[in-house]
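Novice: structure, please.
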Amino acid sequence: MWVIPNVEFFPLERLPDVMQWSVRDYGNRVGVFRLMQVLDRYRVRATVALNSDVCIHHPEIVEEGRARGWEFMGHNRTNAQRLTELESEEERRLIAEVMATIERATGERPRGWLSSGLQETPATLGHLVDAGCRYVCDWTNDDQPYAMTLDDGRSILSIPYTVELNDKPAFERHHRSALEFQEMICRQFDVLYREGEDSGRVMAIALHPYLIGVPHRIGALDAALEYVCRHDGVWLATGTEIADHFAATLPEVARQR
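Specialist: Numbering: from 1, shown residues only. Model prediction:
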């Protein structure tokens with residue numbers, strides 16, 4: 001199981017709706033720290049999908065994450081911009097800039113990537129490999145990792161992410177209650193735990209601090225994690241740990257590490 005907080009930044013001039021902007025700002029001011037307390041309780045080291053502008057505007061979040069041994073992966077500069085809005089060379093520069101900014105702020109080069117809106121262009125995977133990225137999470141089409149081979153023979157790993165156990169579509173699009181989201185996590189775990197007896201499965205939980213971090217929802221996450229963590233044999237992993245474990249089983253991928 002890996003937990004992916006999406007820690008994002010929206011410039012007020014790109015999201016000039018004060019109410020919508022303030023809700024998201026609450027996540028970076030309050031919600032993310034409430035989320036940290038819950039993950040600490042279960043010794044979950046998160047893998048943060050990080051807008052690199054957070055490093056500039058909310059460095060305290062990065063500092064607290066580093067203190068907890070969290071991993072940080074690239075997630076565009078800001079969620080107010082999509083890769084599909086850019087020309088190929090602009091996209092290449094943006095990806096390189098995001099990776100460099102996060103590396104300066106955290107001391108480690110990101111090894112993973114989640115595109116804003118999970119949107120890619122035909123050139124995205126090549127740009128990611130050029131920037132030293134080892135895994136990508138945009139392709140939500142499996143419960144196990146797999147290697148994606150580029151036209152030039154290079155490869156990048158796809159690590160299972162989720163738009164199902166994801167608080168944003170759950171609460172904003174499907175209008176699930178906090179209790180329903182808790183039950184979704186537990187039921188998803190039951191099936192993958194059973195199937196994992198034969199071959200390992202990856203369970204992702206995608207979270208947004210402005211949603212799950214509010215007082216009336218955080219208890220649902222706490223209860224769901226308590227349920228998952230009471231079972232034997234659950235590996236609380238980071239994205240890189242999952243990628244490295246899987247790559248070790250694929251000689252052609254391991255050679256590119």
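
Novice: tell me the secondary structure at Gly132.
Specialist: Judged by DSSP: H, G, I helix; E, B strand; the rest coil, the three-state class of Gly132 is coil.

Novice: that one contacts Met99, correct?
Specialist: Yes - counting by CB atoms under 8 Å, Met99 is a contact partner of Gly132 at 6.8 Å. (C-beta placed from N, C-alpha, C; glycine too.)

Novice: neighbour-wise, which of those two wins?
Specialist: Between Gly132 and Met99, counting by other CB atoms under 10 Å, Met99 is the more crowded of the two (22 against 12).

Novice: which ones are touching the nearest residue to that one once chain neighbours are set aside?
Specialist: Once flanking residues are discounted, Met99 sits nearest to Ala131: 4.8 Å by CB to CB, 6 or more residues apart in numbering. Taking CB atoms under 8 Å, 6 or more residues apart in numbering as the contact definition, Ala131 lies against Gly74, Ile95, Ala96, Met99.

Novice: tell me, what's touching Gly132 and Met99 both at once?
Specialist: Residues touching both Gly132 and Met99 (CB under 8 Å, 6+ apart) are Arg109.

Novice: where along the stretch 151-257 of the chain do the helices fall?
Specialist: For the stretch 151-257 of the chain, helices defined by DSSP state H, counting those that start in this stretch occupy the ranges 167-168, 178-195, 209-212, 215-229, 239-247, 251-254.

Novice: any idea which of the ones you listed is most buried?
Specialist: Mean neighbour count, computed with mean count of other CB atoms under 10 Å, is highest for helix 209-212 among the helices of the stretch 151-257 of the chain, reaching a mean of 24.

Novice: counting contacts, what elements does that helix pack onto?
Specialist: Counting by 3 or more CB pairs under 8 Å, 6 or more residues apart in numbering; DSSP states H and E, the packing neighbours recorded for helix 209-212 are helix 18-26, helix 32-41, helix 167-168, helix 215-229.

Novice: which helices and strands does the longest one pack with?
Specialist: Spelled out, that is helix 215-229. Based on contacts counted as 3+ CB pairs under 8 Å, 6+ apart, the elements that helix 215-229 packs against are helix 32-41, helix 178-195, helix 209-212.
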